[in-house]
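Asker: Sequence plus the predicted model coming up.
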2 protein chains.
Amino acid sequence: MADTVTDSTPGRRERKKRRTRDDLIQQAVRLFAANGFDETTTEDIAEAADLSQRTFFRHFSSKEAVLYGDMDELRLRMRAALADRPADEPPIDAVRQAILTLADNYEAEREHRLLQARLAAAYPAVSAYSRAVVQAEWERELIRAISERLGVDPVMDPRPEIVAGAAMSALRVSIRRWTASSGTDHLPTIVDEAFDALSDLSRLAAAGPPAQ
Amino acid sequence: MADTVTDSTPGRRERKKRRTRDDLIQQAVRLFAANGFDETTTEDIAEAADLSQRTFFRHFSSKEAVLYGDMDELRLRMRAALADRPADEPPIDAVRQAILTLADNYEAEREHRLLQARLAAAYPAVSAYSRAVVQAEWERELIRAISERLGVDPVMDPRPEIVAGAAMSALRVSIRRWTASSGTDHLPTIVDEAFDALSDLSRLAAAGPPAQ
DNA sequence: AGCTTAGTGTCAGTCACTGACAAGATGCAA
DNA sequence: TTGCATCTTGTCAGTGACTGACACTAAGCT
């Protein structure tokens, strides 16, 4: 047993791999912020991390993926938030709280999240990835939680998907507005207003004639 | 005035261009259906239409774009449907009717729309494009119509975006289910149920304990 | 018939991403 | 400690989407 105290669970190999991955993320984010997304090549990123391009693609499946390399942790936090809500709470409220958990994180990591959101606003490829991968994962978490609460099979009953989709849509709009304010507005507040609007969907009435 | 009767408005050049474009769409759709999206190269499509790859990219900005080359017309039809609804109708109802117009078209062009939906389900790149371009355009139409009806500025008031986003989400879910049924279910009916669920969002309650 | 303009082909180039192979590091067992 | 299996990486060659530059031809106009 010549174990040093350092490696508690993961071995040396694991730690090295993790460090390499973190390096790639850090360098990528730095370069994206400095020069833009399209303007940064995967070769640039690998170079900055002193690795080959091939190694970059062994850690991340695309240039977009490295920008969102830290999202898995957030997804799990959201899942935990859902599990913590009382089982008899109306699903839409549990969902609102889960989304607020995400919003809190955006405030806590304001600079980084703002960069991601700005790049998504500026580069279609980033926006597409964010929706198709990151947000799709969040949405799946919501669908799973909602169908459990309703006690229904999400394949048969469309309501979990409808609710989750509406919630994700509200989040997207909220983040867009938060980004437009450069993160000066309070995202959880924006999200709260968005969910209020969602509850009032059917009560939304057309305006009368413009001041008669 | 040596006009022949054939070219009523667009000149020979325009017609030729249009025909080339239509050829590309037709060949692309045929090849996608036969071999799959990733399995078909832009070179294959150009070749099948007896054109150079460079010309393909002069008509379509991406391989995804050619698959949705017929969507502009549908968007305009949706816009017209929105304009036709009474101005004092609740926005959510006008939106529902607009989406039902889309659904009707999906039934009318079942085979083609089903192919698009299947390719979107099978190929992430297609799904991403569909959302980021096609559906984003539809959503913008909704936002514009809703803010006009509410008499508000969509930059200041988040409600138009919220409503439009929720509606688009309901449409996506509906199309997914319609696709899963291979188009045998009636899409307008599915859409109607989705909008009913949307109206009942806040009344959705958790199930009691599983049969005590 | 001339002149301008727009659509096309060809060619060369960039860049994201992938498969194959070899080499060095790591974990593990004898 | 040694030996072997496994993992991570680098190198190299290749595919395919997409773009800029240039020359050529057809279409519209006078």
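Answerer: That came through, no problem. Numbers count the residues shown, from 1 in each chain, chains lettered A, B, ... in the order given.
Asker: for chain A, longest helix please?
Answerer: helix A:12-35 (DSSP state H).
Asker: Could you give the average pLDDT over that one?
Answerer: What helix A:12-35 shows for mean pLDDT is 95.
Asker: for stretch A:201-212, same thing?
Answerer: 66.
Asker: Tell me the helices and strands packed up against the longest helix of chain A.
Answerer: With contacts taken as 3 or more Cβ pairs under 8 Å, 6 or more residues apart in numbering or on different chains; DSSP states H and E, helix A:12-35 sits against helix A:42-48, helix A:53-59, helix A:63-67, helix A:110-122. In this view, the C-beta of every residue, glycine as well, is placed from N, C-alpha and C.
Asker: With mean pLDDT and mean neighbour count as added columns, please give those helices in CSV.
Answerer: Output for the helices and strands packed on helix A:12-35, formatted as CSV (pLDDT from 0 to 100; neighbours: other Cβ atoms under 10 Å in any protein chain shown):
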stretch, mean pLDDT, mean neighbour count
helix A:42-48, 98, 17
helix A:53-59, 98, 15
helix A:63-67, 98, 21
helix A:110-122, 98, 17
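Asker: Put together CSV for those helices, with distance to residue A:152 on each row.
Answerer: Compiled in CSV, the helices and strands packed on helix A:12-35 are given as follows (distance: least, Cβ to Cβ, whole Å):
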stretch, distance to residue A:152
helix A:42-48, 43
helix A:53-59, 39
helix A:63-67, 33
helix A:110-122, 33
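Asker: I'd like to know which of these is closest to DNA strand D.
Answerer: For the helices and strands packed on helix A:12-35, proximity to DNA strand D was assessed by Cβ to the nearest atom of the strand; helix A:53-59 is nearest, at 2.9 Å.
Asker: domain assignment for chain A?
Answerer: A:10-66, A:70-205 (automatic domain parsing).
Asker: Tabulate these in TSV, adding columns for distance to residue B:127.
Answerer: Output for the domains of chain A, formatted as TSV (distance: least, Cβ to Cβ, whole Å):
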stretch	distance to residue B:127
domain A:10-66	14
domain A:70-205	6
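Asker: For chain A, what lies in contact range of DNA strand D?
Answerer: A:13-14, A:16-17, A:20, A:50-55, A:58-59 (Cβ under 7 Å from any atom of the strand).
Asker: got the CA coordinates for the longest helix of chain A in CSV?
Answerer: What follows is helix A:12-35, C-alpha atoms only, in CSV (Å, rounded to 0.1, in the frame of the first residue of the first chain):
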residue,chain,number,x,y,z
ARG,A,12,-3.9,8.7,-12.0
ARG,A,13,-5.1,8.1,-15.5
GLU,A,14,-8.6,9.4,-14.8
ARG,A,15,-7.3,12.6,-13.2
LYS,A,16,-5.0,13.3,-16.1
LYS,A,17,-7.8,12.8,-18.5
ARG,A,18,-10.0,15.1,-16.6
ARG,A,19,-7.3,17.7,-16.5
THR,A,20,-6.8,17.5,-20.2
ARG,A,21,-10.5,17.9,-20.7
ASP,A,22,-10.6,20.9,-18.4
ASP,A,23,-7.7,22.5,-20.2
LEU,A,24,-9.4,22.2,-23.5
ILE,A,25,-12.6,23.8,-22.1
GLN,A,26,-10.7,26.6,-20.6
GLN,A,27,-8.6,27.4,-23.7
ALA,A,28,-11.6,27.1,-25.9
VAL,A,29,-13.7,29.5,-23.9
ARG,A,30,-10.8,31.9,-23.7
LEU,A,31,-10.3,31.8,-27.5
PHE,A,32,-14.1,32.0,-28.2
ALA,A,33,-14.4,35.1,-26.0
ALA,A,34,-11.3,36.7,-27.5
ASN,A,35,-11.8,36.0,-31.2
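Asker: now that helix against helix A:110-122, angle please.
Answerer: 60 degrees (axes from the mean of the first three to the mean of the last three Cα atoms, to 10 degrees).
Asker: Would you mark the buried spots in helix A:12-35?
Answerer: Within helix A:12-35, the residues scored as buried using 16 or more other Cβ atoms under 10 Å in any protein chain shown are A:20, A:21, A:23, A:24, A:25, A:27, A:28, A:29, A:31, A:32.
Asker: One more: stretch A:78-91?
Answerer: By 16+ other Cβ under 10 Å, the buried positions in stretch A:78-91 come out as A:78, A:79, A:81, A:82, A:85, A:91.
Asker: Export those as a markdown table, with columns for secondary structure.
Answerer: Below are those laid out as a markdown table (DSSP: H, G, I helix; E, B strand; the rest coil):
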| residue | secondary structure |
| --- | --- |
| A:78 | helix |
| A:79 | helix |
| A:81 | helix |
| A:82 | helix |
| A:85 | coil |
| A:91 | helix |
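Asker: which of these lies closest to residue A:182?
Answerer: residue A:78 (24.5 Å; Cβ to Cβ).
Asker: In TSV: the helices and strands packed on helix A:12-35, plus distance to chain B.
Answerer: TSV is the format used below for these (distance: least, Cβ to the nearest Cβ, whole Å):
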stretch	distance to chain B
helix A:42-48	18
helix A:53-59	17
helix A:63-67	10
helix A:110-122	11
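Asker: Now distance to DNA strand C too, for those, in CSV please.
Answerer: What follows is the helices and strands packed on helix A:12-35, written out as CSV (distance: least, Cβ to the nearest atom of the strand, whole Å):
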stretch, distance to DNA strand C
helix A:42-48, 4
helix A:53-59, 4
helix A:63-67, 4
helix A:110-122, 14
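Asker: so which of these gets nearest residue B:184?
Answerer: helix A:63-67 (36.1 Å).
Asker: So what touches that closest one?
Answerer: For helix A:63-67, contacts defined as Cβ atoms under 8 Å, 6 or more residues apart in numbering or on different chains pick out A:24-25, A:28-29, A:32, A:37, A:40, A:42, A:45, A:56, A:59-60, A:116, A:119, A:125-126, A:128-130, A:133.
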